[in-house]
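J.: Okay, here's the prediction I keep looking at, along with the sequence it came from:
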Amino acid sequence: MGDQRRFEEFYAAVFGRLVGQLYLVTGDLQDAEDVVQEALTRAAVRWARLRDYAIPEAWVRRVAMNLASDGFRRARRRLAVAARLRPEAHHPATLEGLAVADALRTLPLAQRKAVVLHHLLDLPVDQIAAELGIPVGTVKSRLARARGALARLLAAQQAQLGDPGGAPNRG
Amino acid sequence: MHQTVDDLRTQLAEAAERAAQQARVPGATVTLRRARARRRRAAGTVCALAVVVATTGIVVARGGLDRPTVESATDPGGDLPWRPLVAKEWGATVPDVRPLDPVLVGAQGTRAGRPWRLTVYQGIHHPAGQPAEQDVCYLLEWLDQLQGKRLWQVHGTCAPEQQTTTALAAAGPDPGSTAVIGRAPPAAGRVRLELRGREPVETATVDIGRDRLGRFYVAFVPRNASLEHLVALDKDGRQVGQTAGLGNLALARTPMGFPPTGPVRVVARAASRRSGTLEAVVWPTRYGYCLSIHSTQGAGSSDCSSPEPDSTADLLAPRVHCSESGPPPVKQTLVAGGVPTRAARTVQVEAAGKRYQVPAWDAGEGLDRAFFLAELPEGPWPPSARLTALDGRGVSLGTWNLPGCG
């Protein structure tokens, strides 16, 4: 029972946060919910071991990141069968007015993952390399390419809007 | 522009926060319920591969029969694969096996108009509470011809490096044949697949340039062949390795599980009103056992012990298996498993107010159980079932209450 309560607390603490992170990776809110839910289910299966991890959330995020592959959208129908108990979500797949999310969606998946892990979660490049199973140099190059592309995209978006001051946190 | 990028973290945090606020939370209760179901079913959570895992998971979640996984292998529909991952990415998804570079393509070809390739890599297998060991992983990847490199379906497994001769059935797009893939010792120049009632099939092994990993093979055999035994032969025809066969390849659900480490045995059989003959098949694996229940018409599901400490104990125990097929939707219920007494000759199943009696078979030493397989009449899934094992004189050997699905 104690274990169950601990998992419930863990679930409540991390679900929204992970969906937020995975939304930036998948570009689709329902996809993000699905991969996080699937990753948490796997975590629940292994909870007896995961509960002793220093950061079980990192394990769940890693699994969710891996699930968030390009093919996931096509897979969702199948996953939905397994996840048939989850409530139907009738909310928009994307969130309006999030320029950075729109820009991220145009990047390759691999770059999106690197951006989220580095710029949102502050993970150092060597940890990202370990988490994604790729060389450090590859992480750096993905980040560099992503930053360049994002800079161009965000600047273009602002130019289109014609009012940079409309966005928050602009000096 | 620089300012925009410098501010990236803030913008990302804002976007993530908004998405988090919008997220619909299914709830930990639902998650725990699904996790418990998966643990009970222990559906090959570690080594069965992407599509295979997905298909199995769903089949098992639905209880299995009449959701033929073979069907999906012959259906080039647009919703496969479940997860078109490269081997490395797949491996990284599995917490207990860490893939190591390089990922090698050992062989490739085309079958039934669809390209395939054999991919091999090493992994570090590190189950909870146990020492790490070296694994060798091999996958048969079917590619989507129309989309170049895109994966269509994957079958494969990871097995201990010491298990140098292995066999794994891997259904593909050809309805007339099944691929059998596996490892062979470094000295093996070819493997011979001994089939029941047929000429053996021999195929050359592939040297992938890594002696330590041994050699690999891909053999195509008739889909309804029964693989009795596999023998690895050196260039002079001497036996350098062997492994148990997989049984009837049309029925074998070994792709969902792990390579057998011992004989594959049919432990129970029953005539089905809808599915021809039903069989329960058990084979030992590195983690315990796989139990497959399938029909002669090809439908079936498999459960395999996983390395999770709490998921292996009851794999062979009696369970209620519920499935739904259609349209129109038809609910089926099987009650099957091994009662922990070899003296049982009959098992009495009580469910939904009715009583059924089916034979039980002694599975012999090692398994130390008597297995039975009962198909209940079509209708609503029962909320529970009660079993009584009877000896040859009809004396009760024990009674068990099982949760149902209703």
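T.: Nice, thanks for sending it over. On a predicted model such as this, the values are computed, not experimentally measured, just so you know.

J.: Which stretches in the stretch 51-200 of chain B count as strands?
T.: Assigned by DSSP state E, counting those that start in this stretch, the stretch 51-200 of chain B shows strands spanning B:97-111, B:114-125, B:133-143, B:151-160, B:168-171, B:177-184, B:190-195.

J.: Strand partners (parallel or antiparallel) of the shortest one?
T.: Which is strand B:168-171. strand B:177-184 (antiparallel) (DSSP bridges).

J.: tell me the angle the strand it pairs with makes with strand B:114-125.
T.: Interaxial angle, strand B:177-184 versus strand B:114-125 (axes from the mean of the first three to the mean of the last three CA atoms, to 10 degrees): 30 degrees.

J.: CA atoms of strand B:177-184 as CSV?
T.: The C-alpha trace of strand B:177-184 is given here as CSV (Å, rounded to 0.1, in the frame of the first residue of the first chain):
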residue,chain,number,x,y,z
SER,B,177,6.8,-19.0,-45.3
THR,B,178,8.3,-18.0,-42.0
ALA,B,179,11.8,-16.7,-41.4
VAL,B,180,13.8,-18.5,-38.7
ILE,B,181,16.7,-16.4,-37.5
GLY,B,182,19.4,-16.9,-34.9
ARG,B,183,23.0,-17.3,-33.9
ALA,B,184,25.4,-20.1,-34.6
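
J.: Let's test this: mean pLDDT of it, rounded?
T.: Regarding strand B:177-184, the rounded mean pLDDT is 90.

J.: Which of the strands of the stretch 51-200 of chain B sits closest to B:Pro260?
T.: strand B:168-171 (9.0 Å; CB to CB). C-betas here are computed from N, CA, C, even on glycine.

J.: Tell me which of the strands of the stretch 51-200 of chain B sits nearest to A:Gln21.
T.: Comparing the strands of the stretch 51-200 of chain B by CB to CB, strand B:97-111 comes nearest, at 22.7 Å.

J.: what separates that closest one from the chain centre, distance-wise?
T.: Here strand B:97-111 is found 20 Å from its chain centre; the criterion is CA atoms, centre = their mean, to the nearest Å.

J.: Listing partners with orientation, what would you give for it?
T.: With DSSP bridges as the test, strand B:97-111 pairs up with strand B:114-125 (antiparallel).

J.: Compare the mean pLDDT across the strands of the stretch 51-200 of chain B and name the weakest.
T.: Averaging pLDDT over each of those puts strand B:151-160 lowest, since it has a mean of 70.

J.: one step back: got the strands of the stretch 51-200 of chain B as CSV, with distance to B:Ala344 columns?
T.: CSV is the format used below for the strands of the stretch 51-200 of chain B (distance: least, CB to CB, whole Å):
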stretch, distance to B:Ala344
strand B:97-111, 38
strand B:114-125, 37
strand B:133-143, 37
strand B:151-160, 33
strand B:168-171, 31
strand B:177-184, 34
strand B:190-195, 33
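
J.: Using JSON lines, lay out the ones you listed together with mean neighbour count.
T.: Below are those laid out as JSON lines (neighbours: other CB atoms under 10 Å in any protein chain shown):
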{"stretch": "strand B:97-111", "mean neighbour count": "16"}
{"stretch": "strand B:114-125", "mean neighbour count": "21"}
{"stretch": "strand B:133-143", "mean neighbour count": "23"}
{"stretch": "strand B:151-160", "mean neighbour count": "25"}
{"stretch": "strand B:168-171", "mean neighbour count": "27"}
{"stretch": "strand B:177-184", "mean neighbour count": "26"}
{"stretch": "strand B:190-195", "mean neighbour count": "21"}
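
J.: closest one to B:Val347 among these?
T.: Across those, closest to B:Val347 is strand B:168-171 (CB to CB), at 29.8 Å.

J.: CA-only coordinates of that closest one in PDB, if you can.
T.: Below are the C-alpha coordinates for strand B:168-171, written out as PDB (Å, rounded to 0.1, in the frame of the first residue of the first chain):
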ATOM      1  CA  LEU B 168      13.600 -17.500 -33.300                       C
ATOM      2  CA  ALA B 169      10.600 -17.600 -35.600                       C
ATOM      3  CA  ALA B 170      10.000 -14.300 -37.400                       C
ATOM      4  CA  ALA B 171       6.800 -14.100 -39.500                       C
END
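
J.: B:Arg273: neighbour count?
T.: Using other CB atoms under 10 Å in any protein chain shown, B:Arg273 is surrounded by 9 other residues.

J.: I'd guessed it sits against B:Glu375; true?
T.: Yes. Counting by CB atoms under 8 Å, B:Arg273 does reach B:Glu375; the two are 6.9 Å apart.

J.: For the stretch 301-406 of chain B, give me the ranges with low pLDDT.
T.: B:301-302, B:306-313, B:324-329, B:406 (pLDDT under 70).

J.: now with 80?
T.: B:301-314, B:322-332, B:405-406 (pLDDT under 80).

J.: quick one, helices of it?
T.: For the stretch 301-406 of chain B, helices defined by DSSP state H, counting those that start in this stretch do not occur.

J.: All the strands of it, residue numbers only.
T.: Under DSSP E, counting those that start in this stretch, the stretch 301-406 of chain B gives strands at B:319-325, B:330-339, B:346-351, B:354-359, B:361-362, B:370-376, B:384-390, B:396-403.

J.: Contacts only, for A:Leu107.
T.: A:Val115, A:Ala146, A:Ala149, A:Leu150 (CB atoms under 8 Å, 6 or more residues apart in numbering or on different chains).

J.: Confirm that the first one lies within a helix, as I assumed.
T.: Yes. Under DSSP: H, G, I helix; E, B strand; the rest coil, A:Val115 sits within a helix.

J.: hang on, the earlier thing: from the contacts of A:Leu107, which is closest to chain B?
T.: Comparing the contacts of A:Leu107 against chain B with CB to the nearest CB places A:Leu150 closest, at 6.2 Å.

J.: Excluding sequence neighbours, find me the nearest residue to that closest one.
T.: Among residues not flanking A:Leu150 along the chain, A:Ala103 sits closest, at 5.4 Å (CB to CB, 6 or more residues apart in numbering or on different chains).

J.: who's in contact with that neighbour?
T.: Applying CB under 8 Å, 6+ apart, the residues near A:Ala103 are A:Ala149, A:Leu150, A:Leu153, A:Leu154, A:Gln157.

J.: B:Ile293 contacts B:Thr277, correct?
T.: No. Using CB under 8 Å, B:Ile293 is not in contact with B:Thr277; the gap is 11.5 Å.

J.: one step back: switch the contacts of A:Leu107 over to CSV; also include neighbour count.
T.: Shown next, in CSV, are those (neighbours: other CB under 10 Å):
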residue, neighbour count
A:Val115, 24
A:Ala146, 25
A:Ala149, 17
A:Leu150, 25
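
J.: Let's have those in a markdown table, adding secondary structure and distance to A:Ala32.
T.: Converted to a markdown table, the contacts of A:Leu107 look like this (DSSP: H, G, I helix; E, B strand; the rest coil; distance: CB to CB, whole Å):
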| residue | secondary structure | distance to A:Ala32 |
| --- | --- | --- |
| A:Val115 | helix | 15 |
| A:Ala146 | helix | 19 |
| A:Ala149 | helix | 21 |
| A:Leu150 | helix | 19 |
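
J.: Now the two most distant members of the residues you listed.
T.: Every pair of those checked by CB to CB; the farthest is A:Val115 and A:Ala149, at 9.7 Å.

J.: Go through the strands of the stretch 51-200 of chain B and name the closest to A:Leu29.
T.: strand B:151-160 (26.3 Å).

J.: For chain B, see how far away A:Pro135 is.
T.: Computed as CB to the nearest CB, to the nearest Å, the A:Pro135 to chain B distance reads 9 Å.

J.: same question, A:Asp126
T.: Taking CB to the nearest CB, one finds A:Asp126 at 16 Å from chain B.

J.: So which elements touch the helix or strand harbouring A:Glu131?
T.: Assigned by DSSP states H and E, A:Glu131 belongs to helix A:125-132. With contacts taken as 3 or more CB pairs under 8 Å, 6 or more residues apart in numbering or on different chains; DSSP states H and E, helix A:125-132 sits against helix A:56-67, helix A:109-115, helix A:136-161.

J.: 7 Å instead?
T.: If you count contacts as 3 or more CB pairs under 7 Å, 6 or more residues apart in numbering or on different chains; DSSP states H and E, helix A:125-132 packs onto helix A:136-161.
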